[in-house]
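**Q** what follows is a protein structure lacking sequence information:
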């Protein structure tokens, strides 16, 4: 078996993706095989393996992105199913898919899990310049999640209104497009100068989490520069 449905990946149109407004994004269903999605859902990492990130100040006055987080590194304690999935993502076929969709190479992939509890949100923001984009896989199953609890990624169009180094609210944007996040969906988007996005406040019951797994597509050169600067400052070595 495979976790990725390579036939569906091959069917996606890179040119159409790059021409999507307000910036390149797509929200396809079923990029994971049914069996693969089920196995990953059943073996998600637990919060005791994750780092709580709550109340951390963000640049430009933006609200904190509260969540539990786990960064993938070689040897991290995850299930064999998740390791097999990540092995597929690190393989030639997925790299070819990203290269075709983004229209360029020279990238490096990193991976992390984010679990957001009740009351958390992802305030509108544009990603750092070292990122070329992200591929978000959602793990809010219809068996344990209700649509009115939220969790969809919102693609925001500012019509050129805001400096990316600012902190607008969701209601400040002229247009917003809600992605689908329940079940076997994912969201692929390409970072641009005004690729605003976010997640509205989660309203699930206490003890429940919006669970996502994110493939971060980094510019290989810019990511390397970022790591070097971080080491010189004595920061924890991170790839994203």
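**A** Noted; the coordinates are in hand. This one's a predicted model, so the numbers in the text were calculated from it and none came from an experiment.

**Q** drop to CA atoms for contacts and neighbour counts, all remaining ones
**A** Will do.

**Q** for the closest residue to residue 175 other than its chain neighbours, give me its contacts.
**A** Using Cα to Cα, 6 or more residues apart in numbering and skipping the chain neighbours, the partner closest in space to residue 175 is residue 157 (5.2 Å). Going by Cα atoms under 8 Å, 6 or more residues apart in numbering, residue 157 touches 22, 173-176, 194-196.

**Q** restricted to strands, list those residues.
**A** Among the contacts of residue 157, the members found in strands (DSSP state E) are 175-176.

**Q** what's the mean pLDDT across stretch 6-13?
**A** In this model, stretch 6-13 carries a mean pLDDT of 98.

**Q** now residue 211. Nearest residue, chain neighbours left out?
**A** Once flanking residues are discounted, residue 211 sits nearest to residue 115: 4.6 Å by Cα to Cα, 6+ apart.

**Q** please apply the same query to residue 162.
**A** Per Cα to Cα, 6+ apart, closest to residue 162 is residue 168, 7.6 Å.

**Q** next one: that neighbour from residue 12, what distance?
**A** Applying Cα to Cα, to the nearest Å, the value for residue 168 to residue 12 is 32 Å.

**Q** comparing those two, which residue is more hemmed in?
**A** residue 168 (21 against 15; other Cα atoms under 10 Å).

**Q** helices and strands of this structure: which one has the lowest mean pLDDT?
**A** helix 220-232 (a mean of 80; mean pLDDT, DSSP states H and E).

**Q** which parts of that one are buried?
**A** By 16 or more other Cα atoms under 10 Å, the buried positions in helix 220-232 come out as 220, 223, 227.

**Q** export the residues you listed to TSV and tack on distance to residue 79?
**A** Shown next, in TSV, are the buried residues of helix 220-232 (distance: Cα to Cα, whole Å):
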residue	distance to residue 79
220	28
223	28
227	28
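
**Q** for residue 89, which non-adjacent residue is spatially closest?
**A** Nearest residue to residue 89, sequence neighbours excluded (Cα to Cα, 6+ apart): residue 95, at 7.3 Å.

**Q** model confidence for the one you found, exactly?
**A** pLDDT for residue 95: 98.

**Q** elements contacting the strand or helix carrying it?
**A** Assessed by DSSP states H and E, residue 95 sits inside helix 92-102. If you count contacts as 3 or more Cα pairs under 8 Å, 6 or more residues apart in numbering; DSSP states H and E, helix 92-102 packs onto helix 6-11, helix 14-18.

**Q** which of these sits most buried?
**A** Ranked by mean neighbour count, the helices and strands packed on helix 92-102 are led by helix 14-18 with a mean of 15 (mean count of other Cα atoms under 10 Å).
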